[in-house]
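> Okay, here's the prediction I keep looking at, along with the sequence it came from:
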Amino acid sequence: LQCLWCYTNNTCIDYPVRSILPPSSLCSLSNARWGVCWINFEALIIAIAVVAGLILVSIAVCCCYCCYCRRRSRSRPDEEEEQLARKREERRLQSLQRKHERKLKHDEIRKKYGLLQDSDNPYSRFENE
């Protein structure tokens, strides 16, 4: 594949290894073919550029996506912990409220049957006897 085919003069020239692209003095890029006759240098350069660009864009997208996922996964446990703490606090407050309501209900029952001691006079229960 060291052959450079030139359509302008229909000759096969040894490929100039020192330069990446053949100089225009030998053959113009649009008329130069590399190795086999169907590989146009212009098309080859465009295809390589497109493939390299797609690879770079896909790598950039993957890196950005991974960074976004990491940042999101780091923030998610904090949010979940806060949410769990909020729910825990709500349950604790509801429990305290129910406890207070039970105490009031029990105090009413004790008062109804004369079992509630007044804090002012602890011996008031024995006065009626």
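Yep, that arrived.

> Give me the most central residue, this protein.
Centroid-nearest residue in the chain, with C-alpha atoms, centre = their mean: residue 69, separated by 1.9 Å.

> tell me which element that one is part of?
Using DSSP states H and E, residue 69 sits in helix 41-112.

> Give me the mean pLDDT for that helix.
Average pLDDT, helix 41-112: 88.

> how is the protein carved up into domains?
With domains defined by the TED database, the chain comprises 1-37, 41-114.

> now, of the ones you listed, which is deepest in the fold?
domain 1-37 (a mean of 13; mean count of other C-beta atoms under 10 Å). (Glycine included, C-beta is placed from N, CA and C.)

> How far off centre is stretch 41-57?
Centre-to-centre, stretch 41-57 and its host chain are 30 Å apart (C-alpha atoms, centre = their mean, to the nearest Å).

> Put the alpha carbons of it into PDB.
Output in PDB follows, covering the C-alpha atoms of stretch 41-57 (Å, rounded to 0.1, in the frame of the first residue of the first chain):
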ATOM      1  CA  PHE A  41      -7.700  11.200  -0.100                       C
ATOM      2  CA  GLU A  42     -10.300  13.900   0.500                       C
ATOM      3  CA  ALA A  43     -12.900  11.400   1.400                       C
ATOM      4  CA  LEU A  44     -10.400   9.600   3.600                       C
ATOM      5  CA  ILE A  45      -9.500  12.800   5.500                       C
ATOM      6  CA  ILE A  46     -13.100  13.700   5.900                       C
ATOM      7  CA  ALA A  47     -14.100  10.200   7.100                       C
ATOM      8  CA  ILE A  48     -11.200  10.100   9.600                       C
ATOM      9  CA  ALA A  49     -12.100  13.600  10.900                       C
ATOM     10  CA  VAL A  50     -15.800  12.600  11.300                       C
ATOM     11  CA  VAL A  51     -14.900   9.300  13.100                       C
ATOM     12  CA  ALA A  52     -12.400  11.100  15.400                       C
ATOM     13  CA  GLY A  53     -15.000  13.800  16.100                       C
ATOM     14  CA  LEU A  54     -17.700  11.300  17.000                       C
ATOM     15  CA  ILE A  55     -15.300   9.400  19.200                       C
ATOM     16  CA  LEU A  56     -14.300  12.600  21.000                       C
ATOM     17  CA  VAL A  57     -17.900  13.800  21.400                       C
END
